[in-house]
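Trainee: quick check, what structure comes out for this input:
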Amino acid sequence: MAERTAVEARRITRIFGSGTAAVKALDDVSVEIRANEFFTLLGPSGCGKTTLLRMIAGFEFPDAGEILLDGADIAALPPYRRPVNTVFQNYALFPHLTVRQNIAFGLEMLGRARAKIDARVNEMLRLVRMEELGDRRCDQISGGQQQRVALARALAPEPRVLLLDEPLSALDYKLRKEMQVELKRMQHQTGITFVFVTHDQEEALTMSDRVAVMSRGKILQIGDAREIYEHPVNRFVADFIGESNFLSGTVAAVHDGRAEVRLDDGPVIMAEVPRGLTPTGRVSLVVRPEHGELAPPGGGGLAGTVETVIYSGTDTHHRVRLDGGGLFIVRSQNRRGVAGGRAEGERVAIRVPDGAAQILRD
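Mentor: Residues are numbered from 1 along each chain as shown. Predicted coordinates for the structure are as follows:
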């Protein structure tokens, strides 16, 4: 059975300014967001992700295209007539009101009965694990707790879709990691469709059922975390998502979904070919740092010299300057009692196992 679509954008265009100063924030964007999924819009500043979120919320209106919610066109509806809620970057809480009063505020504006409001507020306090802080003012709780209150307030009216505009950006690293897990738990527990905006690649891969990578007003790729990371469609996605090594070479042969590529730096490797692409001639390839293997020099592979060694606890990063001039990063997992690192200035070879490299479309 086909999965139900909660939100759909059809060929959305939004232009700010006019004439030579015009900026196309969204350029013929189409996307379907499934019901009950955690969907993330990911990209650098200015890519259009927040504009698209504001379109769904009703704070911006498209110059062309449609926004549909459960199949109904809502592009012309004001925010208060849309069954969606938004959690903003600055939370927008009432500091002089208690946690309980903040959560109840939206329900009171909707005219809900007092008994139902109290019951729903208690339910939300349990959801965000703040039962004991319900009577404390919001200017008396921590930033992480304020973020939970903002989520509880937005979820209390039971919106069909919850929009989150970089709500974790003000938190410190450890708290941010904790809240990533909490947000995913809340989404599963409530069954509400979450649409999340972030520029943090790790955050997007950790939390999302699917990710849409955006650049310059366009969606470049949509997929789950593994697909986005391991099978980027082009150089921008490969470069933006995690660390990447880029190589160039010439296709010698193609068979069974892999291409035999002679690299400019010498060796021949077997690289994966994206579906629907028949590569010929010159190509670019991407190799993730954890897929390269350090080996003694002279045994084949890419030859180079270790330029920098960075120990980061779980991993060690070796930055190798290739003889051809390029830089290749090899990331190796640290294992207790196993010494496998190389020293700066040491000559090494880098082996790229069959299928570890992927040909890019551009």
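
Trainee: where's residue 152, which helix or strand?
Mentor: Element membership for residue 152 (DSSP states H and E) is helix 143-155.

Trainee: for that helix, the distance to its chain's centre please.
Mentor: Relative to its chain's centre, helix 143-155 lies at 21 Å (C-alpha atoms, centre = their mean, to the nearest Å).

Trainee: my read: residue 237 touches residue 230, true?
Mentor: No: look at residue 237 against residue 230 with C-beta atoms under 8 Å: they stay out of range, at 11.2 Å. For the C-beta atoms, the positions are set from N, CA and C on the backbone; glycine is no exception.

Trainee: who touches the helix holding residue 152?
Mentor: Under the criterion C-beta atoms under 8 Å, 6 or more residues apart in numbering, residues 85-88, 91-93, 99, 102-103, 105-106, 124-125, 127-130, 133, 138, 141, 162, 167-168, 170-171, 175, 178-179, 182-183, 186, 190, 192 lie in contact with helix 143-155.

Trainee: with stretch 57-76 instead?
Mentor: Stretch 57-76 is contacted from outside by 4-15, 26, 28-30, 51, 54-56, 77-79, 81-84, 86, 160-161, 163, using C-beta under 8 Å, 6+ apart.

Trainee: of these, grab the buried ones for ChimeraX.
Mentor: Burial among the contacts of stretch 57-76 is assessed by 16 or more other C-beta atoms under 10 Å; the matching ChimeraX selection reads:
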select :5,6,7,8,9,10,12,14,26,29,51,54,55,56,82,84,86,161,163
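
Trainee: from the contacts of stretch 57-76, which land in strands?
Mentor: Using DSSP state E, 5-15, 26, 28-30, 84, 86, 161, 163 are the members of the contacts of stretch 57-76 that sit in strands.

Trainee: what about residue 312, neighbour count?
Mentor: Using other C-beta atoms under 10 Å, residue 312 has 9 neighbouring residues.

Trainee: same question for residue 319.
Mentor: Close neighbours of residue 319, defined as other C-beta under 10 Å, add up to 16.

Trainee: for the residue nearest to it when sequence neighbours are not counted, what are its contacts?
Mentor: Closest residue to residue 319 apart from its sequence neighbours, by C-beta to C-beta, 6 or more residues apart in numbering: residue 308 at 4.2 Å. The contact partners of residue 308, taken as C-beta under 8 Å, 6+ apart, are 317, 318, 319, 344.

Trainee: now the last one, what's its secondary structure?
Mentor: At residue 344, secondary structure determined by DSSP: H, G, I helix; E, B strand; the rest coil is coil.

Trainee: per-residue pLDDT, it?
Mentor: At residue 344, the pLDDT value in this model is 91.

Trainee: can you tell me the element the residue minimising distance to the centre of the chain falls in?
Mentor: Compute the mean C-alpha point of the chain, and by C-alpha atoms, centre = their mean the closest residue is residue 204, 2.8 Å away. In the assignment (DSSP H and E), residue 204 maps to helix 201-207.

Trainee: what comes into contact with that helix?
Mentor: By C-beta under 8 Å, 6+ apart, the residues outside helix 201-207 that reach it are 38, 40, 42, 168, 176, 180, 183-184, 196, 198, 211, 225, 228-229, 240-242.

Trainee: ok, residues contacting the following helix or strand past it?
Mentor: Next along the chain after helix 201-207, taking DSSP H and E as the criterion, comes strand 210-215. The contact list for strand 210-215, computed with C-beta under 8 Å, 6+ apart, reads 31, 34, 37, 39-44, 47-49, 52, 204-205, 219-225, 228, 236-237, 240-241.
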